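Engineer: Sequence and predicted model, in that order:
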Number of protein chains: 2
Amino acid sequence: MSVLIEFRHLKYILAVAETGNFTRAAERLFLAQPSLSAQIKDLEDTLGFPIFLRDRTGVYCTPAGEMIVSYAESALAEQTETVKAARAIYRGEIPILRLGFSCFVQPELLQSFRDAYARLFPDCQMQLSSGNHSHILHRLEEKSLDGALLPMPITGDDWVFEQIACSPLVVCMRTDDPLAEEIEIQPAELTERLTIFRDPEMHPAAHARLMNMLSEVKILPKVSSLAATPADIQFMVQAGCGLALMDQRTVLYPGLTGRPIAGIRWTVDTAFVHHNNAEHLALPILVRYLRKLGNGKPLKRPARRKHVKGLQLELLA
Amino acid sequence: MSVLIEFRHLKYILAVAETGNFTRAAERLFLAQPSLSAQIKDLEDTLGFPIFLRDRTGVYCTPAGEMIVSYAESALAEQTETVKAARAIYRGEIPILRLGFSCFVQPELLQSFRDAYARLFPDCQMQLSSGNHSHILHRLEEKSLDGALLPMPITGDDWVFEQIACSPLVVCMRTDDPLAEEIEIQPAELTERLTIFRDPEMHPAAHARLMNMLSEVKILPKVSSLAATPADIQFMVQAGCGLALMDQRTVLYPGLTGRPIAGIRWTVDTAFVHHNNAEHLALPILVRYLRKLGNGKPLKRPARRKHVKGLQLELLA
DNA sequence: GGTTGCCATAGATAGGAAGTATTGGACGAT
DNA sequence: ATCGTCCAATACTTCCTATCTATGGCAACC
């Protein structure tokens, strides 16, 4: 199917919708009124439905027209934003992206985020800082970080986030544990034995949610060991302090293994977050890209075989 | 500023990026190769930076080009989607939107959502169902609802949601309560007196989060009365069962009033949710629109003074 | 009944998108 | 080396169409 609408049309439509008047819209566009009328009419013909109703009292949108007008606004804004970012890339003006991440975010996930960033913003630098959930959020607030990868939930207003991963929770145990013989663990078998948890202070909302989910399936956890990192949790399991819940994708120490809980499909969700009024040029485009990756199918384009910088190439030539 | 890129360019760019070859891209576009080359070159000139690197071994994207290519994909897809939806509106083929909402969602919020929907999909019907959080989510899952307005947090994978409101929590009390004399309530004054809560079963995750937030500020609530609706909560406060937390925007019964808690800025967040693979045509466009409303400034276009249906008008004329 | 405001139509024109033919550069095979 | 192949760029022509000016039609307002 060919392109029905051009950006030119969107600009014209918007001018007409905003002025409610072909003549004034044409003036604003530095265009003769008949040219504008003709363009809109052509477009309406190819689309197969009218966008505007011309009426003695003025020009109004049809229902379908409202949708096109609303689309025109965002499509034009998006184009401007994209061109600005692309130009900044070309000029090497993208500032370093200061990315925070919780130590509970899987390394492969961090890497695939870095890959996505590198695909969108090649040759742009990224500075990593790890920390616990609340700490990272605080640094985002005070703008010493531009964005972060954090486990959900992310509570509070003034955050923009986009979920980028979701992975099952499993019970982490020693391989010599009797439960390791089973393929799935029954919830009842966990009561009393599930004792190792992430320190609630690291991420209060996630802890609360977990406790609640556990009580819903009648697992009564005995919170006795608190850990600040996944490595510490593994150490505690290894040391025999009890069982813990873990992201299935965690690479476990030798001597440890993971088992799903029967009938339960809890997940660890990770999101890319940035503050509402953070101003790093890459953020809106990054979020849009991550959203596309999440909803759509993977991109099927030939990979770049050569790695060449746009501007630098010219300067060296 | 004028339009730099046209959709035609995006289509061309995409073809070149996907084939990695101007000649084959031109074939795919039913275009002569020099025409394609010229168009891309023109675009690169107006943009001010190269999109592709022509190389003996093939054609590759520059860094800035990668961004444009990625944009081209989504922009073209979005246009197609929008035109499809607009055409469906014109033909009156938009099915009724079955919207669920929690009874804890404010009526004005529901109304402004209905307004937004009416603006995007004029003359399209909406069917409302209220219920509690878990119930609504379940109905979304089994596809007896298309979308819903629910208080956050919304846990679990396979939901698409967009936060649409955020409003402060206040303490709800009788106007003859001694605390009503104060402008702000101190957290310590709430211990023992905060006793009325939403039934945890209505929304387990929200209850858990609230309990956690309370304990963080050393308020130890005594959960003694459980209500299924805001009206029930108000009744209980009126009956003297204790104090409750409420959305500040709730229209209170006579004899009741709300007061903020000193030093605390908790909020009630509401989101529009739909299931990952719900197929109602309006959903992706609705989410995009809500997102725009949230991030951007309000639209400043003359309102439609007349309410006319596109198709019907022609048929009647 | 004249004037004004506004959109549509008619016809002319110029700009530019697309086409054809050709050149030039880089490999690879003989 | 030399020829053949592949591929993008250049040169030049053609034709479409976006734009222009001028005008017509229609309703509303003095």
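Structural biologist: Thanks, I have it.

Engineer: quick one: the host helix or strand of residue A:85 near chain B?
Structural biologist: Take DSSP states H and E as the rule and residue A:85 turns out to sit in helix A:63-90. Yes. Contact between helix A:63-90 and chain B, assessed by CB under 8 Å from any CB of the partner chain, occurs at A:63-71, A:73-76, A:78-80, A:82-83, A:85-87, A:89-90. Quick note: C-beta positions are derived from backbone N, CA and C, even for glycine.

Engineer: Mind checking which of those are buried?
Structural biologist: Taking 16 or more other CB atoms under 10 Å in any protein chain shown as the criterion, what is buried in the residues of helix A:63-90 next to chain B is A:63-71, A:73-76, A:78-79, A:82-83, A:85-86, A:89-90.

Engineer: Please name the bridge partners of residue A:148.
Structural biologist: On the basis of DSSP bridges, residue A:148 is bridged to residue A:100, residue A:273.

Engineer: Mind pulling the model confidence for it?
Structural biologist: Residue A:148 is assigned 96 on the pLDDT scale.

Engineer: With residue A:106 as the reference, measure out to it.
Structural biologist: Distance from residue A:148 to residue A:106, counting by CB to CB, to the nearest Å: 15 Å.

Engineer: Residue nearest the middle of chain A, spatially speaking?
Structural biologist: residue A:162 (2.7 Å; CA atoms, centre = their mean).

Engineer: domains in chain A, as residue ranges please.
Structural biologist: Chain A breaks down by automatic domain parsing into domains covering A:7-90, A:97-163+A:269-297, A:165-268.

Engineer: Straight-line length of the shortest one, end to end?
Structural biologist: Looking back up the chat, that one is domain A:7-90. Using CA to CA, to the nearest Å, one end of domain A:7-90 lies 23 Å from the other.

Engineer: How about residue A:200: what's its closest non-neighbour residue?
Structural biologist: Take residue A:200 and drop its neighbours on the chain: the residue closest to it by CB to CB, 6 or more residues apart in numbering or on different chains is residue A:207, 3.9 Å away.

Engineer: thinking again about what came up before, which ones are touching the residue nearest to the centre of chain A?
Structural biologist: Going by CB atoms under 8 Å, 6 or more residues apart in numbering or on different chains, residue A:162 touches A:271, A:272, A:287, A:290, A:291, A:294.

Engineer: top of the residues you listed by neighbour count?
Structural biologist: Within the contacts of residue A:162, neighbour counts (other CB atoms under 10 Å in any protein chain shown) peak at residue A:272, which reaches 24 neighbours.

Engineer: What is the neighbour count of the closest residue to residue A:189 other than its chain neighbours?
Structural biologist: Nearest residue to residue A:189, sequence neighbours excluded (CB to CB, 6+ apart): residue A:179, at 6.3 Å. Residue neighbour count, defined by other CB under 10 Å, stands at 17 for residue A:179.

Engineer: from memory residue A:179 sits against residue A:258, does it?
Structural biologist: No. Contact criterion CB atoms under 8 Å: residue A:179 and residue A:258 do not qualify, at 11.0 Å.

Engineer: Report the set of residues contacting both of those two.
Structural biologist: Here residue A:179 and residue A:258 have A:171, A:173 as joint contacts, going by CB under 8 Å, 6+ apart.

Engineer: Just to be sure, residue A:245 is in a strand?
Structural biologist: Yes. Per DSSP: H, G, I helix; E, B strand; the rest coil, residue A:245 lies within a strand segment.

Engineer: That one and residue B:208: what is the separation?
Structural biologist: To residue B:208, residue A:245 is 16 Å away according to CB to CB.
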